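**Student:** Okay, sequence plus prediction incoming.
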Amino acid sequence: MEEKLITIKNNAISLILEAKNLKETEEIRIQFLGRNGEITQLLKTLPKLSKNERPKLGSLVNEVKNIIEDTLTIRVRDLKNNKSNNVNLSKFDITEPITESDRKLGHLHLVTQAIREITAIFNEIGFTRVRYPEIEWDWYAFTSLNFPTNHPARDDWETFFIEAPVDEKKGPVLLTPHTSSGQVREMKKGKLPIKMLNIAKTYRRQSDVSHTPMFHQFEGLVVGENIAISDLKGTLNYFVKSYFGENRKSRIRPYHFQFTEPSFEVDITCGVCLGKGCRLCKEGWLELGGAGMVHPAVLKFGNIDPEKYSGFAFGWGVERVLMMKEGIKIDDLRILYSNDMDFLKQF
Ligand SMILES: [Zn+2]
């Protein structure tokens, strides 16, 4: 059957390229894709195949069908543009200017688009985007964020460590497991108030349908006088409505993180059922990520007086918010980094 498909494909393509007018292209369409066309007939035989053969041949038939459809579309367009000359590689002139319709422009990757959108949303309320090293000292990633020496996140199984000399004060070198490592770096600049948005690559030892070893996080940090939980809640609400849409709501639940006190887990209403509960979300809410009021110990590590100043922080996954956005359905997060053009072209 595979050989038969290849013969059909080659036959179809040469016929299409030789078609002299729209009547001929239509006849070819009927011959291959029409109700009794060769491809249509093959599609009908698929259910009779064994379970092992079916998926492979099924996708092959569809691939050939798409190729024939695409070639037909291009030929029809060329005929309409009066390009009567057949596509002939030996006569292909690389200096010929291309027409506007031939121009295939690429676009920014889905994740880059999301990063730009998130940056623009936070710019509106005064956050400045910063970037800090992604190869970082343990001290900035863990110690200064109030992680005890024996915390499991420091384990080799969670974090990628770099083979480099260990610093007496700052410890070993690692790939940042979270964007929170930028918090104390920002504080140490010594400029208050702080309204930081740190978006960067982060790395953890994980790979499954909802995790990739490299992913992106965006970290917000606000430090100043009289910063309260209500400021955190207001910022979260603003982001949720700007990014996900006016009809989505957010809530915070008590949680535990080393570097915030109190700490919260932030949820947003499900985009499908809007909070009523459905098969996807079960209870109407989806988990967005962590947030909280900056722990006094962390402020001290950043040379900021916790008696005088307070702040809040949040750190969420870019890929995660992307997947939770209305109208975007990604079954396996890893496809974002697989260079699959068919997938990427959709966005
Ligand atoms: Zn739902």
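**Tutor:** Received it, and whenever you're ready, just let me know what you need.

**Student:** So which residues on the stretch 151-300 of the chain come close to the ion?
**Tutor:** By the rule Cβ under 5 Å from the ion, the part of the stretch 151-300 of the chain lying against the ion is Cys270, Val272, Cys273, Cys278, Leu280, Cys281. In this view, the C-beta of every residue, glycine as well, is placed from N, C-alpha and C.

**Student:** In contact with whatever residue of the stretch 1-150 of the chain ends up closest to the ion: list those residues for me.
**Tutor:** Nearest residue of the stretch 1-150 of the chain to the ion, counting by Cβ to the ion: Ala114, 21.6 Å away. Ala114 sits next to Val318, Glu319, Val321, Leu322 when contact means Cβ atoms under 8 Å, 6 or more residues apart in numbering.

**Student:** ok, 10 Å please
**Tutor:** Ala114 sits next to 108, 199, 216, 218, 243, 318-319, 321-323, 325, 328, 347 when contact means Cβ atoms under 10 Å, 6 or more residues apart in numbering.

**Student:** same deal with Gly284?
**Tutor:** Contacts of Gly284 by Cβ under 10 Å, 6+ apart are Lys249, Asp267, Thr269, Cys270, Val272, Cys273, Leu274, Gly275, Lys276, Gly277, Cys278.

**Student:** Give me the buried entries from these.
**Tutor:** The neighbour count (16 or more other Cβ atoms under 10 Å) marks Lys249, Asp267, Thr269, Cys270, Gly275 as buried among the contacts of Gly284.

**Student:** can you map out the helices along the chain?
**Tutor:** Using DSSP state H, the helices of the chain run over 2-18, 22-33, 38-45, 53-80, 110-124, 138-141, 181-187, 229-244, 296-301, 318-324, 341-344.

**Student:** could you redo the ones you listed as a markdown table and give each row mean pLDDT?
**Tutor:** Converted to a markdown table, these look like this (pLDDT from 0 to 100):
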| stretch | mean pLDDT |
| --- | --- |
| helix 2-18 | 88 |
| helix 22-33 | 91 |
| helix 38-45 | 87 |
| helix 53-80 | 88 |
| helix 110-124 | 96 |
| helix 138-141 | 95 |
| helix 181-187 | 96 |
| helix 229-244 | 95 |
| helix 296-301 | 96 |
| helix 318-324 | 89 |
| helix 341-344 | 85 |
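
**Student:** most packed of these?
**Tutor:** helix 181-187 (a mean of 24; mean count of other Cβ atoms under 10 Å).

**Student:** Check the offset of that one from the chain's centre.
**Tutor:** On the basis of Cα atoms, centre = their mean, to the nearest Å, helix 181-187 sits 25 Å off its chain's mean C-alpha point.

**Student:** on that earlier part again, of the buried ones among the contacts of Gly284, closest to the ion?
**Tutor:** Among those, and counting by Cβ to the ion, the member closest to the ion is Cys270, at 3.0 Å.

**Student:** residue contacts, the closest one?
**Tutor:** 248, 276-278, 280-286, 324, 326.

**Student:** what about 7 Å?
**Tutor:** Cys278, Leu280, Cys281, Gly284, Trp285, Leu286 (Cβ atoms under 7 Å, 6 or more residues apart in numbering).

**Student:** Grab the nearest non-local neighbour of the second one.
**Tutor:** On the basis of Cβ to Cβ, 6 or more residues apart in numbering, the spatially nearest residue to Leu280 that is not a chain neighbour turns out to be Val272, at 5.2 Å.

**Student:** Go ahead and confirm that neighbour touches Arg279.
**Tutor:** No - counting by Cβ atoms under 7 Å, Val272 does not reach Arg279; the two are 8.4 Å apart.
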